[in-house]
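**Student:** give me the fold of what follows.
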Amino acid sequence: VQLVESGGGLVQAGGSLRLSCAASGGTFSNNAMGWFRQAPGKEREFVAAISLSGGSTYYADSVKGRFTIARDNAKNTVFLQMNSLKPEDTAGYYCAARLWAYSTNRRDYADWGQGTQVTVSS
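**Tutor:** Just a heads-up that it's a prediction; the model follows:
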């Protein structure tokens, strides 16, 4: 599938952003979806993942309680609602697709978007 992220931007600490990832060219509902992020000089790290139906979700400890992943299979879109943002959340955010089961390992995902930048000022 092809993936296009949107919704990034500059926000003050404590603020919120909602990222979207629109999928095309495949059967979206057959893909578990993940969000990852990468800060300059650091490896790409897992943020959140969601199952095919959206019934199961998984979060990195660093974002648990602040971020929420959701999907709309009718619109072929996955979302990442980010609340209580911190400067350490600053990174490029990428969505990724994986057939069937979700994973926290970035190497398990076959398809990636181009990313959207999130910058949190202190």
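**Student:** list the beta-bridge partners for the residue most central in space within the chain.
**Tutor:** In the chain, the centroid-proximal residue (Cα atoms, centre = their mean) is Trp35; its distance is 2.5 Å. Applying DSSP bridges to Trp35 yields these beta-bridge partners: Ala48, Cys95.
**Student:** how close does it get to Phe46?
**Tutor:** 8 Å (Cβ to Cβ, to the nearest Å). Where C-beta positions appear, they are placed from N, C-alpha and C, glycine not excepted.
**Student:** my guess is the residue nearest to the centre of the chain meets Arg44, correct?
**Tutor:** No. Trp35 is beyond contact range of Arg44, at 10.7 Å (criterion: Cβ atoms under 8 Å).
**Student:** can you check which residues contact both of the two?
**Tutor:** Taking Cβ atoms under 8 Å, 6 or more residues apart in numbering as the contact rule, Trp35 and Arg44 both touch Tyr94.
**Student:** about what we covered before: what's the pLDDT at the residue nearest to the centre of the chain?
**Tutor:** With respect to pLDDT, Trp35 has a value of 98.
**Student:** where's it relative to Tyr109, distance?
**Tutor:** From Trp35 to Tyr109 the distance is 10 Å (Cβ to Cβ).
**Student:** who touches both of these two?
**Tutor:** By Cβ under 8 Å, 6+ apart, the residues touching both Trp35 and Tyr109 are Ala96.
**Student:** report how many residues lie close to Gly41.
**Tutor:** The tally of other residues near Gly41 (other Cβ atoms under 10 Å) stands at 5.
**Student:** do the same with the one 10 residues further on
**Tutor:** By other Cβ under 10 Å, 15 other residues sit near Ser51.
**Student:** kindly report the same for Gly34.
**Tutor:** Using other Cβ under 10 Å: Gly34 sits among 28 other residues.
**Student:** so who does it touch?
**Tutor:** Applying Cβ under 8 Å, 6+ apart to Gly34 gives the contacts 46-50, 95-98, 102-104, 106, 109.
**Student:** rerun that using 6 Å as the cut-off
**Tutor:** Shown in contact with Gly34 (Cβ atoms under 6 Å, 6 or more residues apart in numbering): 49, 96, 109.
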